[in-house]
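1. can you look at this prediction? I've put the sequence above it.
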Amino acid sequence: MIHAVLIFNTSGIPRLTKFYTPLHQSSQTVVQKIFSLISVRPAGLCNFLDAPELEAFLGPKDDSNERWRVVYRNYATLYFVFVVDGAESELGILDLIQVFVEALDRSFENVCELDLVFHFDEVHHILAEIIQGGLVLETNVEEINLSVKSALKARKDSFVSSHPLALGSGGSRNGGLQTHLNWLTDRLTGVSGR
């Protein structure tokens, strides 16, 4: 099971934190601990490590031989980190990180740290398309991208239909496209709304 998905920059500032397991301490403390484990590792080492230190934060595992594992990948100035248990394959999680990054790249066209800051709701939506409740739902980047685009279109359509001053809303004389001036003129002259 996947217990946490974290994204933080090389300074340790979290840009996304999603926990699928209840925490015994604050999320900031967990992020700092994981950052301290990862940031000191040389680039030549493998991208996963056992982390018995996390038992204080996430609780002990039922099986005494099983440990928490941290699987991470560094892309430019961002660390993508998954905290998993022994039921997950480390190489499978590295592939899942790649799928997540590709889905972000398709949504933001070469994702950067600022995209994660200013579009955090869309980042959480992409993650929710991939993982729910700590279990992997979808790994096909095309399907993820299609779902994200359809949700974005539905959100835009909802905004347009609920805001009469929004450009592109229907119900006007000029073929369905209404500008602010047309809407105001119609209201003042009493042409529409009766």
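-> Right, received. Where do you want to start?

2. all strands for this protein, in order.
-> 2-9, 14-19, 48-50, 69-75, 78-84, 131-132, 135-136 (DSSP state E).

3. and the last one, what does it pack against?
-> Here strand 135-136 touches no other helix or strand, going by 3 or more CB pairs under 8 Å, 6 or more residues apart in numbering; DSSP states H and E. To be clear about C-beta, it is placed using only N, CA and C from the backbone, and glycine gets the same treatment.

4. same thing with the second one?
-> Packing contacts for strand 14-19, counted by 3+ CB pairs under 8 Å, 6+ apart, involve strand 2-9, helix 27-39, helix 113-118, helix 120-130.

5. try the fourth one
-> Counting by 3+ CB pairs under 8 Å, 6+ apart, the packing neighbours recorded for strand 69-75 are helix 27-39, strand 48-50, strand 78-84, helix 90-108.

6. quick one: buried residues of that strand?
-> Buried residues in strand 69-75, counted by 16 or more other CB atoms under 10 Å: 69-73.

7. who's in contact with the closest residue to Gly133 other than its chain neighbours?
-> Leaving aside its chain neighbours, Gly133 sits nearest to Tyr20 (6.1 Å; criterion: CB to CB, 6 or more residues apart in numbering). Tyr20 is in contact with 1-5, 131, 133-134, counting by CB atoms under 8 Å, 6 or more residues apart in numbering.

8. got CSV for those residues, with distance to Asp105 and neighbour count too?
-> Converted to CSV, these look like this (distance: CB to CB, whole Å; neighbours: other CB atoms under 10 Å):
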residue, distance to Asp105, neighbour count
Met1, 26, 14
Ile2, 21, 23
His3, 25, 21
Ala4, 22, 24
Val5, 17, 23
Ile131, 18, 19
Gly133, 25, 8
Gly134, 24, 18
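
9. for these, which one is nearest Val117?
-> Closest approach between the contacts of Tyr20 and Val117, by CB to CB: Val5, at 16.6 Å.

10. can you verify my assumption that that closest one contacts Arg15?
-> No. Using CB atoms under 8 Å, Val5 is not in contact with Arg15, being 11.3 Å away.

11. what is the least confident helix or strand in the chain?
-> The weakest-scoring helix or strand in the chain, judged by mean pLDDT, DSSP states H and E, is helix 55-58 (a mean of 68).

12. a markdown table for the helices and strands packed on strand 14-19, including mean pLDDT and distance to Leu188?
-> Formatted as a markdown table, the helices and strands packed on strand 14-19 follow (pLDDT from 0 to 100; distance: least, CB to CB, whole Å):
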| stretch | mean pLDDT | distance to Leu188 |
| --- | --- | --- |
| strand 2-9 | 92 | 50 |
| helix 27-39 | 88 | 53 |
| helix 113-118 | 90 | 37 |
| helix 120-130 | 92 | 37 |
